[in-house]
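Trainee: Curious how this folds, go ahead:
(chains A, B and C)
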Amino acid sequence: MKIVKSYIVVFFFGLLLFIFGCDNPAPTELIQDNSTQESPVQVQVLTKDTSNEYYSNGFDTTGVATTYSGTSDVVTISGVKVTVNNITTSSSLAQAIFFDKSHPVHSSNGGVMSYLTIAPGIVKFNNQRAAKILYHLRFNDHGIHRDTILGYQYILSQNSAIPFNFDYGSAISFQLDQMNGGMQYSFNIPTPEEITGRVNLTGKKVNGNLNALLEWNASTLSNTKVVEIILGVMVKGTNTSYPLYKLSANDNGKLSVPPKLLNEIPFNKYDRFVFTFIRQFIIHHNEQGNDLTVYSQSIHSIILNIP
Amino acid sequence: MIGTVKISAQSSFGLSGYWAPLEENSTLMNSYEANPENFSSLKDWGLSFSYGGEFSNTPTSSLYLISLSKQIGRHFVSVRYTPGYQKDFIFNNGQSILIHDSTSQALDSKYTYKELFGFGYSYKFSGQFSTGFSLRYFKQEFDQESVEPVFSDTLYLNRFSKIDDINFWRADFGFNYLPSKYFSFSLSTINLFNINESAVDTTLIPYEIKKSKGITFGLSVSPAENFDYNFIYETTNALQTGFDISFNIFNGKARIGVTGFHDNYQSPFIAGIIPAISFNTKFFGVSLSGVKYFSNRNIQHTFSEFTNEGLDNIINNRYSYDKAILTVTFALNTIAEKEVQFLDANIVRDIYPTMSDNYLNRPFATAKVINLTHRTITIKPSSKIEGINEDRIVSPVVKIGPKDTAEVSFYTIIPQSYDKKKTGISFVNFYITANNGQPDDQIQKPILVNGINSWDGKVINLCYFIKRDFQFSMDYSKQILSRYKSELDTMAYSISIFYKAKILFNNFVKELVYTANPTAAQDYVQFPNETLKLKGGNCDDLSVLYSSFLESVGIQTALVDYKPQNGIGHVNILIDTQLSPDQARLITDNDSKYFIRKNESGVDEVWIPVETTSLTNFDKAWQLGSEKFNRDALDNLGLAKGSVEIVDVY
Amino acid sequence: MKSTLIVILFFCAGIISAQSFKVEKVIGNVKAQIGASENWSQIKPGEILIANSTISTGEKSSVSLDGNNIHFVLKGSSALPLTNLKKMSLDQLILALAMQDMINAPRKKEEANSKNTAVYGAEINGIKEPFVVSSNFGVQRLNGAVQLAESGFKESAIIDAKETFRKYPETSKMPNFRIYFANLLADLNLNEEAYDDFKQIGSLKLDSDQKSDVAGKLDMLSKKLMKN
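Mentor: Predicted structure coming up:
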């Protein structure tokens, strides 16, 4: 009898401990001091809709964004390298777009998509005059493919009469002379160090074990903290590219792409990866009440077949 | 450079400190850390719970351990479940997701190290030496959050957890040696065998628990009553040392102790102490212990530090917080407390299997037993002789006063079917049982078990040889008597007994050719069928033979034991003719050839002595028998002086 | 054969060492039964008789024996086993009486306490010597026993008589003999044994003299025993 009693006591004691004792011991929080050689990475989705091949947000394989939404006027200077089959071609591009905030362009549901552009006068980069070229906006409006001309943009490139050359780690002057006695201003745009990327792609898509280790020449001037890498794909048999993600990482030369970002891609539609390394300065100017955003960037795109 | 020098943390660290395994110490039941050899002094079932709190920035409490153990004879098994043996590390793994161009979500990782459960086994070779092993199961869970794209109508990013489990078993072996009450020594392995699951993700290798191999030496001494000094050293350069003081209180034992521990992994040199206080009775124990580290534990640690150092021990490492542990232990004794114990047992008589119920009347062994309780108890002695008894034979109960000793007698029964002719040494197990079904104590002694022909030289015990194999004698006698049926039938009944005795003698005597030297083979008696087969025997064999034949046909006999004078004894027999004294003249004219004894109803009857070694004829044997009887038993007063004894065969 | 010889020698040794008597004088018909022999033979003067012999005398016959420092004459109508022709001490008598108890108790474990045979000092009246001429061998034995007692061998006479009463039950119903030997016990201060005997004798057919004699003895013995 005594034994049975003690069994019961023990049983209830055990039960109580079970019920109230289910905390786990306190965890230890470790501070991420980036001890590893790899960069922390921030991932952003760029192309929300990949089902429509006519949709474009303006990036092309060069990595240069050709479409701007128009919240501010834009000046872009880019040194661009594209590597395909281990052959690298270089080019430079300067671009300026000025929006007319009084003429918004609406989508069919009434939202403002952009604004019409204006050509206020003469734009010069390094004292060379940029050409005035039509500026298109292509977009998908509820399933209808639309291509609208918003106005003009200013372009200076290697193909210009006097070729534009992007000097890395230096500066490029910008000058705007408005017509009709409008205002006139100029400033120097610093340029980042040249970026040269390398992609170490391993694994196979059929095995679902694709892995990409990205390396680049780390910034030596430490005037750029971040490198952006745009991971895109190219549609089978075409030169149409889709940027999928933007990875932001510290400019220290190494990054491992989270494998799922590669392996979950629907490979039935795409056969090549495009890795675009971008080292850039973004400078905001306010010239007489007009917001002006300046992008000064070194771009290296690498196109690889998906193994 | 990853992977600098890997140094080891303590393996023997236990939450209740290190306690001497010198005597009953319930806290030991918990620890496979300091006690991988699973030593225990528990008697039966043990159940133990450890519950405690950790003094991190936000104190937590948890159930650290449940263990269940059982002693089965010399075997001791235990299992434990250790939900609180867990250490988690949380850190940002460097990945983040940018949503809507502005909000950033950081991705975290959680590395969890658990010891889930363990199993221990030990075997006690003696009270001094035991050996055993423990098997422990560890779980390592590396949970890394990562991004995952979802390609549907739109492309978006999901957070998902990538979990890698790298679990392993750890097996260790050791032994305990307790040469005295005051000294104990233990030796055990550290990480003797690790049965691993290998990491799929090789980047996780630096984060797995280190499994450095080593050896632990434990030593406890008790230089004074109620004081123990304990020391344990690990070849991985870690140690624990401490002492405890005990005193008796409330029918139990209270203990205060402190253990200091050192390892190469933590600083200062003595990284911390474990003060503990415990109270134990026979049925339960409770201990309250604390782990106090001398370095500040609520500081920030970096991920690179963790990467470089790794982790050796789940419950004691540089990230461990101070703790307070309450351990409650229950000893559930279904085996009752020992109430009585043997001091010694002595075999007082060798076993002569033929003298079967001899051992029912007189003990074959005695034992001194002590009553361990404070009350009078009744004990039931029992014994089992290997090769003879199939079950325990219970002897009469004995009452023993409190704390008193008593002499207990053991009786036994030898089955009729026992038929080994060879003499040999066997063993007898003695048991004493107090109130419970299970014996409180047992002791084993060697015992001489003689062959069935062996005889202890006591004439009274020849009766057993006469009675054994009675059926043979009956068949033989009847077969002879049937040949004389007509003569016996025409004879007056009163003298037919006498004639039957005469016929039987004269017939079997014809088959016998020799009488053995009485000094030879005195301790060996032939059964009737053997004597006939061998065609002779000595006086014992022949008396047994004749008496057996007579008794088998209802003629009462007695053995006359002429005790050894000058080293030679002799046996012959008396026959009850059932004649009245008046009828004696029907068989003889010489009144010295018979004498008178009363039968059971008090009626006088004529008995005649017969010398069985006289292999001539009945008349001669009778004559010799009566002459010897008259001279030795009567005229020389042998019966009165004890040199001659009449032993009735029943 | 050799072993048989050993056994026989062993017995002979016992016989040779026993006492023996020389026949001095024979009157009339005197026979002897030697040892365990079934036959009786006439004896002649000069003959040596071994101790386990029994002698028997016819009416008006007698034999005188000599040996072991004993000279004894057995009168007529008597019989005597020569083993009883010896001087016994009182202690030997007590042992012999106890021995009869032992023989007497088959199928019972021997009991340690024998009868109280302590000796008490007190004088006893002599009684008339019984002597019966009879062909009954038992009576002859008793006659022999009486003569033993008369010759001073009271102790062996008692043993001889007791044996005779057992072996020849009709003799135990003869009050004269019984009273005679009971008185011998009383003479030797074996009061308890004497009392038991008188008690038994009281149940026999007695004449008035015998009755009062027995009653008187019982009274006297019980008083002695009461003192104890």
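Trainee: residues in chain C within reach of chain A, list them.
Mentor: Within chain C, no position is near chain A by Cβ under 8 Å from any Cβ of the partner chain. Any C-beta I mention is one placed from the backbone N, CA and C, and that applies to glycine too.
Trainee: tell me what the top helix by length along chain C is packed against?
Mentor: Longest among the helix segments of chain C by residue count, using DSSP state H, is helix C:208-227. If you count contacts as 3 or more Cβ pairs under 8 Å, 6 or more residues apart in numbering or on different chains; DSSP states H and E, helix C:208-227 packs onto helix C:175-187, helix C:191-202.
Trainee: Does the last one reach chain B?
Mentor: No. Remark: helix C:191-202 sits outside contact range of chain B, by Cβ under 8 Å from any Cβ, the gap being at least 13.5 Å.
Trainee: and the angle for that helix with helix C:175-187?
Mentor: On the basis of axes from the mean of the first three to the mean of the last three Cα atoms, to 10 degrees, helix C:191-202 is oriented at 160 degrees to helix C:175-187.
Trainee: same for helix C:191-202, what does it pack against?
Mentor: helix C:175-187, helix C:208-227.
Trainee: And the contacts of that helix?
Mentor: C:97, C:115-117, C:120, C:175, C:178-179, C:181-183, C:185-186, C:214-215, C:217-218, C:221-222, C:224-225 (Cβ atoms under 8 Å, 6 or more residues apart in numbering or on different chains).
Trainee: okay, the helices and strands packed on helix C:208-227, which one's buried deepest?
Mentor: Of all the helices and strands packed on helix C:208-227, helix C:175-187 carries the top mean neighbour count, a mean of 23, counting by mean count of other Cβ atoms under 10 Å in any protein chain shown.
Trainee: now that one against helix C:208-227, angle please.
Mentor: Inter-element angle recorded for helix C:175-187 and helix C:208-227: 20 degrees (by the same axes, to 10 degrees).
Trainee: Which residue ranges of chain C form helices?
Mentor: Along chain C, counting by DSSP H, helices occupy C:2-16, C:90-103, C:137-150, C:154-167, C:175-187, C:191-202, C:208-227.
Trainee: The third one: which residues count as buried?
Mentor: To tie it back to what came earlier, the one meant is helix C:137-150. By 16 or more other Cβ atoms under 10 Å in any protein chain shown, the buried positions in helix C:137-150 come out as C:137-149.
Trainee: got the residue ranges for the strands in the stretch 151-300 of chain A?
Mentor: Per DSSP state E, counting those that start in this stretch, the stretch 151-300 of chain A carries strands over the ranges A:171-178, A:184-190, A:197-202, A:211-216, A:226-235, A:241-250, A:254-256, A:270-287, A:290-305.
Trainee: Might you report the residue contacts of the most centrally placed residue in chain C?
Mentor: By Cα atoms, centre = their mean, the mean C-alpha position of chain C lies nearest to C:D160, the distance being 1.6 Å. Each residue near C:D160 by Cβ under 8 Å, 6+ apart is listed here: C:80-81, C:84, C:141, C:144-145, C:148.
Trainee: Taking the stretch 51-200 of chain A, what residue is nearest to chain C?
Mentor: A:N200 (110.2 Å; Cβ to the nearest Cβ).
Trainee: scratch that, the stretch 51-200 of chain B is what I was asking about
Mentor: B:G73 (46.1 Å).
Trainee: Would you mind giving me the confidence score for C:S62?
Mentor: Here the pLDDT value assigned to C:S62 is 91.
Trainee: Beta-bridge partners for it, please?
Mentor: Judged by DSSP bridges, the bridge partners of C:S62 are C:I27.
Trainee: was I right about it contacting C:I27?
Mentor: Yes. Counting by Cβ atoms under 8 Å, C:S62 touches C:I27, with 4.7 Å between them.
Trainee: between the two, which one's more packed in?
Mentor: Under the criterion of other Cβ atoms under 10 Å in any protein chain shown, the comparison of C:S62 against C:I27 puts C:S62 first, with 18 against 15.
Trainee: how close does that one sit to chain B?
Mentor: Distance, C:S62 to chain B, using Cβ to the nearest Cβ, to the nearest Å: 22 Å.
Trainee: show me the contacts for that residue.
Mentor: C:25-28, C:30, C:73-76 are the contacts of C:S62 under Cβ under 8 Å, 6+ apart.
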